[in-house]
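Trainee: coordinates only, sequence not included:
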């Protein structure tokens, strides 16, 4: 029965060339995915579900529903809700043996109820409400319980012009932690620099080219090779002068810890 | 005498439209500055000085000297050597009342000997040997003891197509600390992510679009507004799962400290 369903889905896809999708959720990622899926020739979002009707106002050219009972038959159900809500919505789905995927970086595929075929479609990017994203540059991390389903997910990624990677739940968890370092934490360092600039009446924009170049460098050099600065050189005089210049204790702590970590990386401890 | 000299220099510049420059130093920044100055119509590097002859091999189409005694007369002398060597080379200059500037982010203008007119020409960027830089995107921080000299420095910055800012030594010190946060420390976070990816057999390149987008975002949003992630949300479950996933103690320490700092920024402590 299970095998039959899979081949039927795959066959259907190959004949019509169209993948029927339902999105569950109405937030930031749901909106971004909806927009890019609808603009892809081979994808068709036939329904968007959300418990609250008001949140569905973004979705104008598609059927919207507020009860799981009204879910239509589709090739893929994409759960794009907050991490905590994923298991419960997957539990409540009123069908079995269909392909159900979530879009989270930190939730294991196995938190989806096993009554359905399971998968993950995780776009590794930071999404800002209202800012359109060029999906062709976003890597998608794919995972599935069934081989045939992996091919369907790959076709979805291809249809929106993105590069996809086969990533297990454990690897995805590692990527998600890494993403916190390069996105959340880097942005916080920008914030600290912004504070230092403001308290010295220096326009923060002066730092923008440096920020862009620092990010761009990793496309040609490993971060290990790209490292520069007083911590790497072991230039204690500059380090001391910097610490003296910092007003806030938390900034001094962060400066000290990251300096130690760089020194360690380059064998200075 | 001093006033006379200034007006003579400025006059000379306005008539010929050409600024005569000497570069002292032969390293990374000296090479980048030489290349961009020589390609500018209104600038003329007439000499490059370095104590050791072998280091001068990069400078092919210009007179090179290894003794300060042979320094020619010029409108500006640019000291582009390591921070520690700046005062001693400035002391040894065999002339007075000429415009002498250094290119360092962390050295005060007053570390240049006061027998000459002093200034700073600090390009705020990370320079990599062999990688050509588009100078038109690099902000230059200018400082001078004399007003007339500031105009000369501005003309140099204009001649190479860059935006310049009037930045005092104290402000430059603040910028230099900020640059360590956004460049050295961000790059180290990339390095940590690289390590995590490697130990989980995930290609680090997957993170590149996220890294580029994180940097690009600050051109449209303040870092404060751009912040996302579990630390900002106060999502302790995800934070715990991340800490559990990290192998190295130093990574856990950095994760914890930056998470605390973000939580504090958003009033979660």
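Mentor: The structure has been received and is ready for your questions. Since this is a predicted model, take the numbers as computed values, not measurements.
Trainee: so residue A:26 touches residue A:53, yeah?
Mentor: No - the criterion here is C-beta atoms under 8 Å, and residue A:26 misses it with residue A:53 at 9.5 Å. From N, CA and C alone the C-beta is placed, and that goes for glycine too.
Trainee: Tell me which other helices or strands the helix or strand hosting residue A:77 touches.
Mentor: Assessed by DSSP states H and E, residue A:77 sits inside strand A:76-79. Using 3 or more C-beta pairs under 8 Å, 6 or more residues apart in numbering or on different chains; DSSP states H and E, the elements in contact with strand A:76-79 are strand A:19-24, helix A:86-91, strand A:99-102, helix A:147-159.
Trainee: and if we set it to 6 Å?
Mentor: strand A:19-24, strand A:99-102 (3 or more C-beta pairs under 6 Å, 6 or more residues apart in numbering or on different chains; DSSP states H and E).
Trainee: Let's have the ones you listed in TSV, adding mean neighbour count.
Mentor: Shown next, in TSV, are the helices and strands packed on strand A:76-79 (neighbours: other C-beta atoms under 10 Å in any protein chain shown):
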stretch	mean neighbour count
strand A:19-24	23
strand A:99-102	27
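Trainee: Among those strands, which comes closest to chain B?
Mentor: Of all the helices and strands packed on strand A:76-79, strand A:99-102 sits nearest to chain B, with 14.4 Å by C-beta to the nearest C-beta.
Trainee: Would you mind listing what in the stretch 51-200 of chain A touches chain B?
Mentor: Residues of the stretch 51-200 of chain A lying close to chain B (C-beta under 6 Å from any C-beta of the partner chain) are A:106, A:124-126, A:137-139, A:165, A:171, A:173-175, A:177-194, A:196-197, A:200.
Trainee: all helices for chain A, in order.
Mentor: Ranges of helices in chain A, per DSSP state H, are A:2-16, A:28-38, A:86-91, A:147-159, A:169-179, A:186-199, A:208-217, A:223-226, A:230-233, A:236-245, A:249-265.
Trainee: could those go into a markdown table alongside mean neighbour count?
Mentor: Formatted as a markdown table, these follow (neighbours: other C-beta under 10 Å):
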| stretch | mean neighbour count |
| --- | --- |
| helix A:2-16 | 13 |
| helix A:28-38 | 20 |
| helix A:86-91 | 17 |
| helix A:147-159 | 18 |
| helix A:169-179 | 22 |
| helix A:186-199 | 22 |
| helix A:208-217 | 21 |
| helix A:223-226 | 18 |
| helix A:230-233 | 21 |
| helix A:236-245 | 16 |
| helix A:249-265 | 18 |
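Trainee: what's residue A:121 in contact with, if anything?
Mentor: A:101, A:103, A:153 (C-beta atoms under 6 Å, 6 or more residues apart in numbering or on different chains).
Trainee: Please repeat the previous calculation with a cut-off of 8 Å.
Mentor: Residues near residue A:121 by C-beta atoms under 8 Å, 6 or more residues apart in numbering or on different chains: A:78, A:101-103, A:140, A:142, A:153, A:156-157.
Trainee: Check residue A:186 too.
Mentor: Under the criterion of C-beta under 8 Å, 6+ apart, the neighbours of residue A:186 are B:186, B:189-190, B:211, B:214-215.
Trainee: Not counting its neighbours along the chain, what's nearest residue A:66?
Mentor: Computed as C-beta to C-beta, 6 or more residues apart in numbering or on different chains, the closest residue to residue A:66 that is not its neighbour in sequence is residue A:53, at 5.2 Å.
Trainee: sorry, back to before: tell me the buried residues in the strand holding residue A:77?
Mentor: For strand A:76-79, burial by neighbour count (16 or more other C-beta atoms under 10 Å in any protein chain shown) applies to A:76-79.
Trainee: Nearest residue to the most centrally placed residue in chain A in space, please, no chain neighbours.
Mentor: When C-alpha atoms, centre = their mean is applied to chain A, the residue found nearest the centroid is residue A:124 (3.3 Å). Here the nearest residue to residue A:124 in space, its sequence neighbours aside, is residue A:139; by C-beta to C-beta, 6+ apart that works out to 5.1 Å.
Trainee: Number of residues surrounding that neighbour?
Mentor: By other C-beta atoms under 10 Å in any protein chain shown, the residues close to residue A:139 number 23.
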